[in-house]
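J.: Quick one, fold the following:
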Amino acid sequence: MEGSIPSLRTNQQKGNMRVLNRLWNAWKNRKKFASYAEMPTAFVAFFALSGFLVSGFYGFVLAKVVPEYLEVANKTPLATWGIKGWLLTAILGALGLTTWFYGSIAVRCNTILRERLFK
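T.: Model prediction:
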């Protein structure tokens, strides 16, 4: 009985590797688009929706957190912030950049969709 289990495992591993190799080859051979304007409308709509959701959520989080952060930061001298204060500043800055990035993608895709569907 023990002799059949390792062979079963190796057959499963070979099957898994075949599936992974097929997926990897499909990924490498996919059609690549130079810009959003070249993509099909469904792809552009997907990226627009994703961008609006991500930027909207992070924007909501930042709108709730940043005012309190600024109140505390303005009352606390920089020398007493410590590593946690600077880490929080870096995290909020990264969230701000992420919000801007995904918002820019959403606006670009929205512009493309307006041109394609409503003009």
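
J.: From the contact counts, what lies against the lengthiest helix in the chain?
T.: Identified as the longest helix of the chain according to DSSP state H is helix 82-118. Identification of packing neighbours for helix 82-118 by 3 or more C-beta pairs under 8 Å, 6 or more residues apart in numbering; DSSP states H and E yields helix 41-75. To be clear about C-beta, it is placed using only N, CA and C from the backbone, and glycine gets the same treatment.

J.: same for the helix it packs on, what does it pack against?
T.: On the basis of 3+ C-beta pairs under 8 Å, 6+ apart, helix 41-75 makes packing contacts with helix 82-118.

J.: the inter-axis angle of the helix it packs on versus helix 41-75?
T.: Relative orientation of helix 82-118 and helix 41-75, computed by axes from the mean of the first three to the mean of the last three C-alpha atoms, to 10 degrees: 150 degrees.

J.: so how far is helix 82-118 off the chain centroid?
T.: Mean-position distance between helix 82-118 and its chain equals 10 Å (C-alpha atoms, centre = their mean, to the nearest Å).

J.: and it, average pLDDT?
T.: Per-residue pLDDT over helix 82-118 has a mean of 95.

J.: So which bits of it are buried?
T.: 92, 95, 99, 102-103, 105-106, 108-110, 112-113 (16 or more other C-beta atoms under 10 Å).
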